[in-house]
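Student: have a look at this prediction, sequence included:
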Amino acid sequence: MQTYTVEQVAQHNNAKDCWIIVDGKVFDVTKFLAEHPGGKKVLVKMAGKDASKQFKNFHNDAIMQRVGLPMQIGVIGDATTTDAPTAAPAAAAAPAPVKKSESTPTPTYSISGYLSGADSKFGEGIPYGDPSWYQEWNSPYYNESHIHLRKVMRDFVDKEITPYCHEWSEAKAIPRSVLKKCAELGILTAISGAATNPSVAPLLPYGLPAGLTLDKFDIFHEFICVDELSRCGSGGLVWAVEGGLAIALPPVINFGSEEMKKTVVPGVLSGEKIISLAITEPSAGSDVASLATTAVDAGDHFVLNGEKKWITQGAYADYYVVACRTGGAGMAGISLLLVPRTLEGVNARAMDCQGMWGSGTSFITFEDAKVPKSNLIGKLNEGFKYIMTNFNHERLGIVMQANRMARVCIEEAFKHSLKRETFGVPLIQHPVIRNKFGHCIRQVEATHAWLESILFQVKTLPHESQAKVLGGPIALLKAQSTQTFEYCAREAAQIFGGLAYTRGGVAEKVERLYREVRAYAIPGGSEEIMIDLGVRQSLKKVKL
Ligand code: HEM
């Protein structure tokens, strides 16, 4: 890229010929002046000058990448390299697909005393903006493969996802190409439960991310994928990638017939098809056992009737995993059916929601839909058990997302509080602001530590005993994480002030996350139910 001196840039100092410098990069903004949402004058005032500080005051990194970099014409001084302009999402270069058979060799990383040396500092260095093991802390949970994975994930999300989240969210549509890129990188395999079930290994269209092999994969790799994806600060994006997949595919993988797996698994893990879990009804949410959708035995098929509400990705899914009543009242009469969207009598419409835009939240109706008997998942009337098995994994996913989103609130607000000045000093110099951060940080770090401890149990305890031992703590942790998220979203929004009251701009992520809190606090078991369940489960071990 062309190199300029500060003096050369200084000559382009008026509205007809306007260059500015931001972080050593030179931009010709002449044609952009009339379009600049912040106005022409502010830019002309900085014509020919270094506007790094002013730029950072009003914009986020995504604006630089999406709007700024295409106007870059050079760099200052002897700098010879810079970030190349990123093309629009549709044309952006896709990551090289992870072929199933050949895994990329994992680079060797120096780990002495777990994490040290060149890899011991990772991320932007904003205090508590990343988990402590990203920043010099020792940890017993991670090895070289995790370190490599977090870098692969961060590079991907920073380049292909975060800069476009605002645009996609406002359009309430996430391009299908995003899902395909995630599939090719191996993310869908990593977060769907498919990597830990050997029965579907021959059906996987792509390998795992970062050169991971199935035998080396553990729940902490899954955690890193979900955590790094969630750093984009858009629950809508995360759920458009995995909101259906991570909860609807496990019943198929774990209890479906071989034929069913062959039909469903390759399509959804390659991002070609979308699968969605349909449990909740207009009048049955956390109280799953009282659901009213019925599937009546009619010989070689079931006749399905009922309504499902708030179904993630349902608006555009190809398959639904539907919980329905095939037996008597209560939990013993529930089955799971795989229902193709194309079946006559199946209709879905998008719902208008507070947040999670683009994730296809839907209302679905089944009206005399004839579902072949071969679409029964597992055994008749065993559906409640399958749902419960799934719930712990689902809740852990929610915790991973909610806690990273709480962390994003800290990271974004912290960055802002270092720059924004009030009463002559940066915000962070005010004790009242530091107090807010302290309370956010202690909750996020505590949640993270408990999550890691539970994930270690998932990794090491016998599978059969996990539901009994971990169901209660996972329920409590879910409530802990969503209350933490709610707290941090509120405090970050307060720190940003008016900036977080309007959509877009420096507080873009915080404003959006503030509207997405309820989507975490309610589904997968509301906070009220989770807290009670956690205590009730613990009572089973006590003689009263
Ligand atoms: C490469 C250079 C620049 C680009 C690409 C750019 C782009 C943008 C964009 C896209 C927005 C809309 C943000 C949103 O609402 O989401 C914006 C707003 C704004 N920009 Fe810039 N800008 C640049 C340089 C500057 C500079 C140097 C200044 C100040 C000296 C400035 C001041 C502002 C202000 C005050 C706003 C309104 C912020 C608000 O709504 O709170 N911009 N800019």
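Tutor: Perfect, thanks for sending it.
Student: what parts of the stretch 51-200 of the chain come near the ligand?
Tutor: 51, 54-55, 58-59, 63, 67-68, 71 (C-beta under 6 Å from any ligand atom). All C-beta atoms are positioned from the backbone trio N, CA, C, and that covers glycine.
Student: rerun that using 8 Å as the cut-off
Tutor: For the stretch 51-200 of the chain, the residues in contact with the ligand (C-beta under 8 Å from any ligand atom) are 51, 54-55, 57-60, 63-64, 66-68, 71, 166.
Student: show the buried residues in those residues.
Tutor: Among those, those scoring as buried are 51, 54-55, 59-60, 63-64, 66, 68, 71, 166 (criterion: 16 or more other C-beta atoms under 10 Å).
Student: now, which of those residues lie within helices?
Tutor: Judged by DSSP state H, helices contain the following of those: 54-55, 63, 166.
Student: need those in a markdown table (columns: distance to G397).
Tutor: Compiled in a markdown table, these are given as follows (distance: C-beta to C-beta, whole Å):
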| residue | distance to G397 |
| --- | --- |
| Q54 | 40 |
| F55 | 36 |
| I63 | 30 |
| H166 | 24 |
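Student: farthest pair in the residues you listed?
Tutor: Q54 and H166 (20.8 Å; C-beta to C-beta).
Student: burial of F423, as a residue count?
Tutor: Per other C-beta atoms under 10 Å, the neighbour tally for F423 reads 7.
Student: correction: T460
Tutor: 10.
Student: any idea how far I454 is from it?
Tutor: 11 Å (C-beta to C-beta, to the nearest Å).
Student: any residues of this structure in contact with the ligand? List them.
Tutor: The chain has residues 20, 22, 27, 29, 32, 36-39, 42-43, 45-46, 51, 54-55, 57-60, 63-64, 66-68, 71, 166, 499, 502-506, 508 near the ligand, with proximity defined as C-beta under 8 Å from any ligand atom.
Student: nearest to the ligand: which residue in this protein?
Tutor: Closest to the ligand within the chain is G38: 2.3 Å, counting by C-beta to the nearest ligand atom.
Student: where's that residue, which helix or strand?
Tutor: Using DSSP states H and E, G38 is not contained in any helix or strand.
Student: in terms of contact, does T293 touch L304 like I think?
Tutor: Yes: contact criterion C-beta atoms under 8 Å: T293 and L304 qualify, at 7.1 Å.
Student: among these two, which residue is more densely surrounded?
Tutor: L304 (25 against 22).
Student: how about the more buried one, secondary structure?
Tutor: strand (DSSP: H, G, I helix; E, B strand; the rest coil).
Student: check contacts around it.
Tutor: 293-295, 322, 324, 337, 339, 345, 366, 368-371 (C-beta atoms under 8 Å, 6 or more residues apart in numbering).
Student: mind doing that once more with 10 Å?
Tutor: 293-296, 320, 322, 324, 326, 337, 339, 343, 345-346, 366-371, 375 (C-beta atoms under 10 Å, 6 or more residues apart in numbering).
Student: so which of those residues belong to strands?
Tutor: Members of the contacts of L304 lying in strands (criterion: DSSP state E): 294-296, 320, 322, 324, 337, 339, 346, 366-371.
Student: quick one on the thing from earlier: any common contacting residues for T293 and L304?
Tutor: Contact criterion C-beta under 10 Å, 6+ apart; residues shared by T293 and L304: 322, 324, 337, 366.
Student: ok, the second one touching I334?
Tutor: Yep, that's C324 we're talking about. Yes: with contact defined as C-beta atoms under 10 Å, C324 reaches I334; the gap is 7.1 Å.
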